[in-house]
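Asks: predicted model and sequence follow; I will ask about them next.
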There are 2 protein chains.
Amino acid sequence: MAKSLGARLRVEPGGGPVDLSAYDPHGTPGGPKDKKHGLAEIERMRPRLAALQERLFAQSAVGGDRRRVLLVLQGMDTSGKGGTVKHVVSGLNPAGLRVRAFKAPTEEERRHDFLWRVRAALPRAGEIGVFDRSHYEDVLIVRVHDMVPRSVWSRRYAAINRFERSLADSGVTVLKVFLHISPEEQRARLLERLERPDKHWKFSPTDVAERERWPDYRTAYEVALRRCSTEAAPWYVVPADRKWYRNWAVSRLLLEHLERIDPAYPQPELDVAKYRARLLAT
Amino acid sequence: MAKSLGARLRVEPGGGPVDLSAYDPHGTPGGPKDKKHGLAEIERMRPRLAALQERLFAQSAVGGDRRRVLLVLQGMDTSGKGGTVKHVVSGLNPAGLRVRAFKAPTEEERRHDFLWRVRAALPRAGEIGVFDRSHYEDVLIVRVHDMVPRSVWSRRYAAINRFERSLADSGVTVLKVFLHISPEEQRARLLERLERPDKHWKFSPTDVAERERWPDYRTAYEVALRRCSTEAAPWYVVPADRKWYRNWAVSRLLLEHLERIDPAYPQPELDVAKYRARLLAT
């Protein structure tokens, strides 16, 4: 049997230091041979994903099954978090989706523990939740800019691992994806946002300033990937310079995780003959 | 210029009593000539809807525009509220969507005013919200089953009108759609749920009991449609026996309302030359 994509892209829990320069952002590991085949495979996966989602939803709605999925998307600006939601997640039934983008915390959120707003946004039983950014920002941008003392952020890795372990224990399949782009690709995407007036709204001057901290972010990501890739909630590194591969890989990872859950339509006790007769009488 | 679909399907605010028997649930008013053309038109509307949604989202994200849309779906069991979400709303970007299905209120919800849970589920600026059932249940099932005294539910029509007026004043385009099916079509759809094991989870014995109260529900709907079709938030009656027409009509109504908002990409002040130079230097 072919190795799963998950097994290929997973950061091994308990492994040594992560060196992102060893991962090619332009690569297509395990992927179709070219864009044309990639797009065709994405289309073929859509109905399978939708069917699995419906069964996941059904088994919680009637069977009381508590399982659900949380897809966490992280990556540098322009790495394609929003694009993945738009192109991959959009194939699913919105009734069973819970998508949340995390921005700078509000006043109220700041008064709580950093995991508070994340807990409030979790998918309910039967749902697929998607986080565009997440609690990882609290060991990424927060660490790079010293927004809290080192003594605070350094304790968060363990707190995150405990939190995600509790999620897994309560039936949440946590699928964490790091969208890995190169600085060259980021430059091209930011330039495109500058050149197209219909993309100006996506351009923020702080994107350029953040880009200048690239090595600090790389280090922060490497530490988070190493310390928080656990058996309960491993990290996956998805090369994201090619959008078609990124969309293919996230679709594929989602599919593999849903297939592992293997949700089934509940078969409630139902006296079909009785209800048919009653219906035919009205 | 052709009359808009909205103008055709709208329940005239301040009009006389509504008689649902005068609306043909199998009709296709203003629609394409057949299913084939209907499905083709739905596909042609998808990219237009998605483009308008993106602009709505963009103008709130950067321009601070407060406008948003709330699509309210009501109708008898099997009328296609869930199907509309699955087939129409699924074409939109999930990042800008907020879908909520209202079930029997929880203990906590019951301790609040009936509009409390509805307020909590409203779309944020720039979003498209969708309600599968809504605060109207509080003058429908609640009225039919005498769940609260008449003196309580009878005051709710005016409360709903004030609430929806305040939504409109704060930038919410409220689009209320009644999916109108015939009792014969409902029977066929319930029988199908009984006959297909993969649809058993959607069948509830209470559906049959509720069906037996059809005339009471019709009256409750007629009153709600008459009393709560206002200039600020009119009701639209969509014949829903034909699924393709239902999907076409809701897509079309959504399109007309978004076109009336006419959202535009914000054009922030941006020193393009400066940022381009800075990007090319990194």
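Replies: Right, received. Where do you want to start?
Asks: which residue is it, in the stretch 101-250 of chain A, that comes closest to chain B?
Replies: Residue of the stretch 101-250 of chain A nearest chain B, by Cβ to the nearest Cβ: A:Trp201 (4.3 Å). (C-beta placed from N, C-alpha, C; glycine too.)
Asks: what is the burial count for that residue?
Replies: For A:Trp201, the tally of surrounding residues (other Cβ atoms under 10 Å in any protein chain shown) stands at 22.
Asks: wasn't it part of a helix?
Replies: Yes: A:Trp201: assigned to a helix according to DSSP: H, G, I helix; E, B strand; the rest coil.
Asks: contacting residues for it?
Replies: B:58-59, B:61-63, B:265-266, B:268 (Cβ atoms under 8 Å, 6 or more residues apart in numbering or on different chains).
Asks: which stretches of the stretch 1-150 of chain A form helices?
Replies: Using DSSP state H, counting those that start in this stretch, the helices of the stretch 1-150 of chain A run over A:5-9, A:35-61, A:81-87, A:107-110, A:116-120, A:141-144, A:150-153.
Asks: quick one: list the elements packing against the second one.
Replies: Helix A:35-61 is packed against strand A:68-75, helix A:243-261, with contacts defined by 3 or more Cβ pairs under 8 Å, 6 or more residues apart in numbering or on different chains; DSSP states H and E.
Asks: interface residues of the stretch 51-200 of chain A facing chain B?
Replies: Within the stretch 51-200 of chain A, the positions near chain B by Cβ under 8 Å from any Cβ of the partner chain are A:58-59, A:61-63, A:82, A:85-86, A:89-95, A:97, A:99, A:101, A:130, A:132, A:183, A:187, A:190-191, A:194-195, A:197-198, A:200.
Asks: buried subset of the contacts of A:Trp201?
Replies: Neighbour-count burial (16 or more other Cβ atoms under 10 Å in any protein chain shown) applied to the contacts of A:Trp201 gives B:58-59, B:61-63, B:265-266.
Asks: now render the residues you listed as JSON lines, adding pLDDT.
Replies: Below are these laid out as JSON lines (pLDDT from 0 to 100):
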{"residue": "B:Ala58", "pLDDT": "96"}
{"residue": "B:Gln59", "pLDDT": "95"}
{"residue": "B:Ala61", "pLDDT": "92"}
{"residue": "B:Val62", "pLDDT": "89"}
{"residue": "B:Gly63", "pLDDT": "80"}
{"residue": "B:Tyr265", "pLDDT": "95"}
{"residue": "B:Pro266", "pLDDT": "91"}
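Asks: farthest-separated two in the residues you listed?
Replies: The largest separation in the buried ones among the contacts of A:Trp201, counting by Cβ to Cβ, is between B:Ala61 and B:Tyr265 at 10.5 Å.
Asks: hang on, A:Arg143 packs against A:Ala220?
Replies: Yes: using Cβ atoms under 8 Å, A:Arg143 is in contact with A:Ala220, at 5.0 Å.
Asks: what about these two, which has more around it?
Replies: Counted by other Cβ under 10 Å, A:Arg143 and A:Ala220 do not tie: A:Arg143 has more neighbours, with 22 against 19.
Asks: A:Tyr275: neighbouring residues, count only.
Replies: When neighbours are counted by other Cβ under 10 Å, A:Tyr275 registers 18.
Asks: what residues of the helix or strand containing it count as buried?
Replies: Assignment of secondary structure by DSSP states H and E places A:Tyr275 within helix A:272-280. The neighbour-count check on helix A:272-280 (16+ other Cβ under 10 Å) flags A:275, A:278-279 as buried.
Asks: what about chain B: which of those touch it?
Replies: Among these, the ones lying near chain B by Cβ under 8 Å from any Cβ are A:275, A:278-279.
Asks: next, format these as TSV and append pLDDT and distance to B:Arg68.
Replies: Formatted as TSV, these follow (pLDDT from 0 to 100; distance: Cβ to Cβ, whole Å):
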residue	pLDDT	distance to B:Arg68
A:Tyr275	95	41
A:Arg278	94	43
A:Leu279	94	40
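Asks: would you turn these into JSON lines with distance to A:Phe163?
Replies: Below are those laid out as JSON lines (distance: Cβ to Cβ, whole Å):
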{"residue": "A:Tyr275", "distance to A:Phe163": "45"}
{"residue": "A:Arg278", "distance to A:Phe163": "49"}
{"residue": "A:Leu279", "distance to A:Phe163": "48"}
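Asks: between the residues you listed, which sits nearest A:Tyr157?
Replies: Nearest member of those to A:Tyr157, counting by Cβ to Cβ, is A:Tyr275, at 54.5 Å.
Asks: which residues touch the closest one?
Replies: With contact taken as Cβ under 8 Å, 6+ apart, A:Tyr275 is in contact with B:190, B:194, B:203, B:205, B:208.
Asks: cool, and A:Ala101?
Replies: Residues in contact with A:Ala101 (Cβ under 8 Å, 6+ apart) are A:82, A:131-133, B:95.
Asks: hang on, the earlier thing: ok, so of the ones next to chain B among the buried residues of helix A:272-280, who is nearest A:Val238?
Replies: Distance to A:Val238 across those (Cβ to Cβ) is lowest for A:Tyr275, with 47.7 Å.
Asks: which of the contacts of A:Ala101 are buried?
Replies: Buried subset of the contacts of A:Ala101 (neighbour count, 16+ other Cβ under 10 Å): A:131-133, B:95.
Asks: check for me that A:Tyr236 belongs to a strand.
Replies: Yes: A:Tyr236: assigned to a strand according to three-state DSSP.
Asks: tabulate the contacts of A:Ala101 (JSON lines), appending distance to A:Glu41 and pLDDT.
Replies: Shown next, in JSON lines, are these (distance: Cβ to Cβ, whole Å; pLDDT from 0 to 100):
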{"residue": "A:Gly82", "distance to A:Glu41": "22", "pLDDT": "97"}
{"residue": "A:Phe131", "distance to A:Glu41": "25", "pLDDT": "98"}
{"residue": "A:Asp132", "distance to A:Glu41": "24", "pLDDT": "98"}
{"residue": "A:Arg133", "distance to A:Glu41": "27", "pLDDT": "98"}
{"residue": "B:Ala95", "distance to A:Glu41": "23", "pLDDT": "97"}
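Asks: report the buried residues of stretch A:133-146.
Replies: Neighbour-count burial for stretch A:133-146, counted by 16+ other Cβ under 10 Å, picks out A:133-144.
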